[in-house]
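Visitor: Mind looking at a prediction? Sequence and model below.
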Amino acid sequence: MSQNNIRIAVMVSGGGTNLQALIDAQKTGTLHSGTIALVLSDKKDAYALTRAKDAGIPAAVVAKADYGSQARICALLEEYRIGLIVLAGFLRILSADFTSRFDHRIINIHPSLIPAFCGAGFYGLHVHEAALRRGVRITGATVHYVNEITDGGEIILQKAVRVAPNDTPQTLQKRVMRLAEWKI
Ligand code: GAR
């Protein structure tokens, strides 16, 4: 299979604005690296599932109970012939067994400049709360490969974003999404 035809699974847990950025990039022809073939959510009420449905992309919910062996996820990835997994706001930690099985075939978007504000407990709004508490002037987003160390895999891309003096975690999260995450 050529690089351009890689079938991509996007794994989500929530609102899915990063998924939407990928769907939009696919629609406008700026997603050159493959085709979104499947969306997997660990939450049955994730709005990301509606985004997948609206875009006509097959979607499945993988319940918490299935994470032990991750057998159901693997079966779905095989069924849809997935070559690359994109974690786009997927807030569950994958087992070392799973990440080694898909070595260099899982990438994640994280809302900070790794190695700042990353690792266990740093997800979603908590990342921006921590950045504001620390008083950093610059934050951003990172796309990286996923290995057995949480947010510890090789960095692929980063984009910096300025913190404004009056930022709240919510305003900072929105700016990091708009200026960095949805682009990289
Ligand atoms: C995004 O900011 C993403 O970077 C973050 O969760 C948010 C999900 O938003 N992911 C992490 O914190 C992973 N450690 P979305 O559902 O609208 O894409």
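Guide: Thanks, I have it.
Visitor: Stretch 25-42 near the ligand anywhere?
Guide: No: if you take C-beta under 6 Å from any ligand atom as the test, stretch 25-42 misses the ligand, and the best it gets is 9.9 Å. To be clear about C-beta, it is placed using only N, CA and C from the backbone, and glycine gets the same treatment.
Visitor: Now do that stretch, average pLDDT.
Guide: Stretch 25-42 shows an average pLDDT of 95 in the prediction.
Visitor: in that stretch, what counts as buried?
Guide: Residues A25, Q26, L31, G34, I36, A37, L38, V39, L40, S41, D42 are the ones in stretch 25-42 that count as buried (16 or more other C-beta atoms under 10 Å).
Visitor: Might you calculate how far it sits from the centre of the chain?
Guide: Averaged C-alpha coordinates place stretch 25-42 at 12 Å from its chain's average position (C-alpha atoms, centre = their mean, to the nearest Å).
Visitor: Quote the end-to-end distance of it.
Guide: Start-to-end span of stretch 25-42 (C-alpha to C-alpha, to the nearest Å) is 24 Å.
Visitor: swap in stretch 20-39?
Guide: Where stretch 20-39 starts and where it finishes are 11 Å apart, if you go by C-alpha to C-alpha.
Visitor: What lies in contact with that stretch?
Guide: 3-12, 19, 48-49, 51-52, 55, 57-60, 76-77, 80-84, 86, 88, 181-183 (C-beta atoms under 8 Å, 6 or more residues apart in numbering).
Visitor: Pull out whichever of these are also neighbours of the ligand.
Guide: Among the contacts of stretch 20-39, the residues within reach of the ligand (C-beta under 6 Å from any ligand atom) are V12, A48, A88, E181.
Visitor: so the third one touches L19, yeah?
Guide: Yes: at 5.0 Å, A88 counts as touching L19 under the criterion of C-beta atoms under 8 Å.
Visitor: circling back: among the buried residues of stretch 25-42, which ones are in strands?
Guide: With strands defined by DSSP state E, the entries of the buried residues of stretch 25-42 inside them are G34, I36, A37, L38, V39, L40, S41.
Visitor: Out of these, which comes closest to L157?
Guide: Using C-beta to C-beta, the shortest approach to L157 within those belongs to G34, at 16.1 Å.
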